[in-house]
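A.B. asks: model the structure of this input:
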Amino acid sequence: MQPAFLTRPWLDAVREEFERYLADKISGMTGVSAELHQAMQYALLGGGKRLRACLMFAVGDAVGTAPAALMDAASAMEAMHAYSLVHDDLPCMDNDVLRRGKPTCHVKFGEATALLAGDALQTTAFQWVLESSLLADSIRLQQAAILAAAAGAQGMANGQAIDLTHVGRPMTLDQLKHMHARKTGDLILAAVRMASASRSGLSSQMQSGLEDYAKTLGLAYQVIDDILDVESTSEQLGKTSGKDALSNKPTMVSLMGLSEAKQLLANLRSTALKACERCGVDERHPMAILVDLITDRKS
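C.D. replies: Below is the predicted model of the structure:
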């Protein structure tokens, strides 16, 4: 079982509230076949850090939007993320059997049901954003557009395609950063953008600070992921460790070396904290706390 990701009171309280909200939202869906519904709940509620949701709540706090107003948008983000993991684990993709310390969705329910569960979670994400009564119509439309762009052919799906085509093939550091920006970074960026979209009239300094914060964290998340893939066990990670090396995939560690990757991570942490300062928040704010939690995480 992976250790808790959050340990700070405000973030812990908001995450717990969100977890209950998300469970009620997916469990309360009607008209869904039993096995499909079970697979969707298994994928969405089976643990996870809720990083993207927490980023939305932290940024919302910085721009003056209460967590309650972002619950549906955060639920949509987590549904989109869950879909991506279900499909990423499939035999035709990364072919993994362990996720969050448990059998992956296709191992538990079969490949066809897992595929459908991922499809359903993806479309449910847009439904939850667009049908929400928590924010104005114009904001929800903007959030849906942000989410679609981040997940689609120019975003996460594109990053996954690049990843698949470079198994066993050389890749430059810039190419690898571009792939990670699409595969991992774009959903993190979307979380920040969806939260900031909830408040109009943000200063140009705040907007640029939030963009830099999100992009830096997106890369930092992947760098620490690559480091942990080398240094941690499968039990610690809750997923198969060393799989990138076994699959002959390029990583930040394989291209830079372990010590250089750790130095890059330290530099990214510093850059992200400076972006927080530009957003007008100090080291005690949830945005800054998340920087430390992400760059110090062990799973």
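
A.B. asks: which phi and psi does residue 257 have?
C.D. replies: phi 90, psi 160 (degrees, to the nearest 10).

A.B. asks: and it, how far from residue 92?
C.D. replies: Residue 257 sits 32 Å away from residue 92, going by Cβ to Cβ, to the nearest Å. The C-beta positions use only the backbone N, C-alpha and C, and glycine is treated the same way.

A.B. asks: the strands in the stretch 1-150 of the chain, which residues?
C.D. replies: 98-99, 102-103 (DSSP state E, counting those that start in this stretch).

A.B. asks: elements contacting the first one?
C.D. replies: Read that as strand 98-99. Contact partners of strand 98-99 among helices and strands, from 3 or more Cβ pairs under 8 Å, 6 or more residues apart in numbering; DSSP states H and E: none.

A.B. asks: list the contacts of residue 134.
C.D. replies: Going by Cβ atoms under 8 Å, 6 or more residues apart in numbering, residue 134 touches 68-73.

A.B. asks: okay, it and residue 145: tell me how far apart.
C.D. replies: 17 Å.

A.B. asks: equivalent analysis for residue 136, please.
C.D. replies: 14 Å.

A.B. asks: which of those two has more residues huddled nearby?
C.D. replies: Higher neighbour count among residue 136 and residue 145: residue 145, with 15 against 10, using other Cβ atoms under 10 Å.

A.B. asks: check contacts around that one.
C.D. replies: Contacts of residue 145 by Cβ under 8 Å, 6+ apart: none found.

A.B. asks: again, 10 Å this time
C.D. replies: Residue 145 is in contact with 129, 190, 193-194, 197, counting by Cβ atoms under 10 Å, 6 or more residues apart in numbering.

A.B. asks: ok, so of those, who is nearest residue 51?
C.D. replies: Nearest to residue 51 out of the contacts of residue 145 is residue 190 (Cβ to Cβ; 12.4 Å).

A.B. asks: nearest the geometric middle of this structure, what residue?
C.D. replies: Per Cα atoms, centre = their mean, the C-alpha nearest to the average position across the chain is that of residue 52, at 4.8 Å.

A.B. asks: touching, it and residue 81? I think so.
C.D. replies: Yes - using Cβ atoms under 10 Å, residue 52 is in contact with residue 81, at 5.8 Å.
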